[in-house]
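Visitor: quick one: sequence and predicted model below, then my questions.
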Amino acid sequence: MNVRDEHTWSLWMDVSVAEAPVLSSTVGVDVAVVGSGIAGLSVAYELACHGRSVAVIDRGRIGSGMTARTTAHLATALDDGYDAFVRVRGPDCARRYYQSVAAAIDRVEAIQGAEHIDCGFKRVDGYWVLASETSASELDSELDCCRKLQIPVENCIERTPFHDSGQTRSLRFPRQARLHPTKYLAGLASALQRRGAQLYADTCVESIQQRQGSMVVTTASGYEVHAADVVVATNSPVNVQVAIHTKQAPYRTYALAAKIAAGAVEDALYWDTLDPYHYVRLHPLSADEDIVIIGGEDHKSGEANDGAQRLDALERWARERLPDLREVTHRWSGQVLEPVDFAGFIGRSPEEHVFVVSGDSGQGITNGLVAGMLIADLITSGASAWEDVYAPSRKIQRNIGEFISENITPIKNFAEYLTASEIASAEQLRPGEGRLFRSGLKKIAACRDRSGHLHLHSASCTHLGCVVHWNSLEQCWDCPCHGSQFAPDGTALNGPAVSPLGEAEKPANLEAAE
């Protein structure tokens, strides 16, 4: 997604990752990578290091998608907890998941050193902090589970600024890390270009198909990339209609950055035991000041339109704990895809010679680094020690309740075609507002952009037809079912949708009013 496509601006977006042309001819390479975030560029880098020729294609600017909207925690700790993971997927799978994320952090440490990438990488501790609303048994269960799996963790009774009054306990996970994500991507992009990789921006992929023994990636302009293999690293896969989307759900999360005196808070990762949880890290700013980054207030995508209020709530939560917090410099949101059985979907797609990366579960930077190693191994040697941990084709054999719960969303959503209009007429909309209204048998998505121009489109997501909902914070239409996003003018911004929202005729009563 282009940084211009959403209204808010993250701390990381001040850094341009790479200048790249639009694809203007048909090219041939060993591997085509669709998506230029942490997953796409990591896969491309690992393949280039194996001597493969690579083309990276993005519908927006290079590195301007959800990686630029993360808070960039690098963690071996699992945000859903290893105790839950073991109950659903078993101890062997949990152990190999840990090995993969530990290897991913080691790998980014090695790459940033070898390529001389100035991205602020630093090893720090991570603290899972007990909140007063939750039971200490959560920490007990996780501590016991991690010890059985031989995952490094310590019981800690030292108070942090993010403990509630009267609480002091947390679990400390050593050797976690943090970095500046777009500076790291800029370093990867530069390293790729030195190795002869081709980067193409503002180039929308419309289809991926096999033709005469070669994979062909066709773009909206009609130009093609021919390759032996294709990697789809678009956050939500644009190449599959159903197979993966029923096993994950889109959630919107919020973050803000604020200044604080240098050294006022220990440089570490923090997250609490609430659900949804808060998560915090530092970013060095100067000799005198640090930046505190606070995230949380998650909700299912498209099921709330109160982003500004959620950011206000995050700021209140932070100032209660950090009374010396200074001005807020950035406020933004992003979208994560939650897999129902706790690990992402990284590996072989149902189509031959196609690989996917999705299901970041709020740990997108770490998972993107795992994807770089895992998919490079699958393409170059045909196997990976972690293949079945992340296999996109895996069946959901346990946690069926979660699977059913998340898949009720499309059923509820389709019922909206029968509901009444949110507004009587689009003429009632003010700049920056969007609403649904009925025109005969059709649901219309109507919005006025910030400049006051009225846009009328079909309210049906072009992926599978769910009704889109307006996101006033980001000034876009969100699909609650599978996470597609559309600009006010209907342009598809985020997969799995590729095509724009359909045009809608202007109702006669609106023409008369105007």
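Guide: Nice, thanks for sending it over. Residues are numbered from 1 along each chain as shown.

Visitor: so which strand or helix has the residue nearest the centre of the chain?
Guide: Within the chain, one residue has its C-alpha closest to the average C-alpha position: by Cα atoms, centre = their mean, that is V336, at 4.0 Å. Counting by DSSP states H and E, the secondary-structure element that holds V336 is strand 328-339.

Visitor: next SSE after that strand?
Guide: Helices and strands here follow DSSP H and E; after strand 328-339, the next one along the chain is strand 345-348.

Visitor: where along the stretch 401-514 of the chain do the helices fall?
Guide: Counting by DSSP state H, counting those that start in this stretch, the stretch 401-514 of the chain forms helices over residues 508-513, given from the N-terminal end onward.

Visitor: before we move on, what about the chain?
Guide: Listed in chain order, the helices found in the chain under DSSP state H are 38-49, 82-89, 91-114, 137-149, 181-194, 307-321, 364-381, 387-390, 400-414, 508-513.

Visitor: deepest of the ones you listed, which one?
Guide: Burial of these is given as mean neighbour count (mean count of other Cβ atoms under 10 Å); helix 38-49 ranks first at a mean of 28. Using the backbone N, CA and C atoms, a C-beta is placed for each residue, glycine as well.

Visitor: alpha carbons of the lengthiest strand in the chain, as CSV, please.
Guide: Taking residue count as the measure and DSSP state E as the definition, the longest strand of the chain comes out as strand 248-261. Listed next in CSV are the C-alpha coordinates belonging to strand 248-261 (Å, rounded to 0.1, in the frame of the first residue of the first chain):
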residue,chain,number,x,y,z
GLN,A,248,-7.1,-15.9,9.4
ALA,A,249,-9.0,-12.7,10.2
PRO,A,250,-8.1,-9.0,9.7
TYR,A,251,-7.6,-6.8,12.7
ARG,A,252,-6.9,-3.1,12.9
THR,A,253,-4.3,-1.9,15.5
TYR,A,254,-3.3,1.6,16.6
ALA,A,255,0.0,3.2,17.6
LEU,A,256,1.4,6.5,18.6
ALA,A,257,4.9,7.9,19.2
ALA,A,258,5.8,10.5,21.8
LYS,A,259,9.0,12.1,23.1
ILE,A,260,10.4,11.4,26.6
ALA,A,261,13.7,12.3,28.3
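
Visitor: where does the prediction get shaky in the stretch 301-450 of the chain?
Guide: Along the stretch 301-450 of the chain, segments meeting pLDDT under 70 span 398-415, 417-418, 420.

Visitor: strands of the stretch 101-250 of the chain, start to end?
Guide: 122-129, 154-156, 170-178, 198-200, 205-211, 214-219, 224-232, 248-261 (DSSP state E, counting those that start in this stretch).

Visitor: those strands: which one's closest to V29?
Guide: Proximity to V29 (Cβ to Cβ) singles out strand 224-232 among the strands of the stretch 101-250 of the chain, at 5.2 Å.

Visitor: chain neighbours aside, what residue packs nearest to P181?
Guide: Nearest residue to P181, sequence neighbours excluded (Cβ to Cβ, 6 or more residues apart in numbering): A72, at 4.4 Å.

Visitor: what is the neighbour count of the one you found?
Guide: Other residues within reach of A72 by the criterion other Cβ atoms under 10 Å amount to 24.

Visitor: test my guess that it contacts T182.
Guide: No. Under the contact definition of Cβ atoms under 8 Å, A72 does not touch T182, with a separation of 9.1 Å.

Visitor: overlap in contacts of these two?
Guide: In the contact map built from Cβ atoms under 8 Å, 6 or more residues apart in numbering, the residues linked to both A72 and T182 are W12.

Visitor: distance check, Q335 against A186.
Guide: With distances defined as Cβ to Cβ, to the nearest Å, the gap from Q335 to A186 amounts to 23 Å.

Visitor: swap that for G302, sorry
Guide: Per Cβ to Cβ, G302 is found 32 Å from A186.

Visitor: ok, G40 next?
Guide: Relative to A186, and taking Cβ to Cβ, G40 is found at 14 Å.

Visitor: contacting residues around D288?
Guide: By Cβ under 8 Å, 6+ apart, the contact list for D288 reads 261-262.

Visitor: so what's the backbone phi/psi at it?
Guide: Its backbone dihedrals place D288 at phi -100, psi -20, with angles given as degrees, to the nearest 10.

Visitor: surely E503 and T462 touch.
Guide: No. Applying Cβ under 8 Å as the test, E503 and T462 come out as separate, 11.9 Å apart.

Visitor: comparing those two, which residue is more hemmed in?
Guide: Between E503 and T462, counted using other Cβ under 10 Å, the more crowded position is T462 (19 against 11).

Visitor: contacts for stretch 108-116, please.
Guide: Counting by Cβ under 8 Å, 6+ apart, stretch 108-116 makes contact with 45, 74, 117, 119, 121, 123, 177, 179, 184, 187-188, 190-191, 369, all of which sit outside it.

Visitor: tell me the two of those that are most distant?
Guide: Distance extremes for the contacts of stretch 108-116: the farthest pair is R123 and S190 at 23.7 Å, using Cβ to Cβ.

Visitor: report the separation between K183 and D272.
Guide: 28 Å.

Visitor: ah, wrong one, I meant R107
Guide: Counting by Cβ to Cβ, the gap from R107 to D272 is 29 Å.

Visitor: kindly report the same for G120.
Guide: Computed as Cβ to Cβ, the G120 to D272 distance reads 24 Å.

Visitor: so for the two, which sits in the more crowded spot?
Guide: In this view G120 and D272 are compared by other Cβ under 10 Å, and D272 has more residues nearby, 26 against 15.

Visitor: does the more buried one really touch E133, like I thought?
Guide: No. Applying Cβ under 8 Å as the test, D272 and E133 come out as separate, 9.3 Å apart.

Visitor: thought A497 was touching C461?
Guide: Yes. When contacts are counted by Cβ under 8 Å, A497 is listed as touching C461 (5.8 Å).

Visitor: between these two, which contacts overlap?
Guide: Overlap between the contact sets of A497 and C461, as judged by Cβ under 8 Å, 6+ apart, is given by 479, 484, 486.

Visitor: out of the residues you listed, flag the one nearest to I365.
Guide: S484 (22.8 Å).

Visitor: would you mark the buried spots in stretch 280-290?
Guide: For stretch 280-290, the buried set under the neighbour-count rule, 16 or more other Cβ atoms under 10 Å, comprises 280-283, 290.
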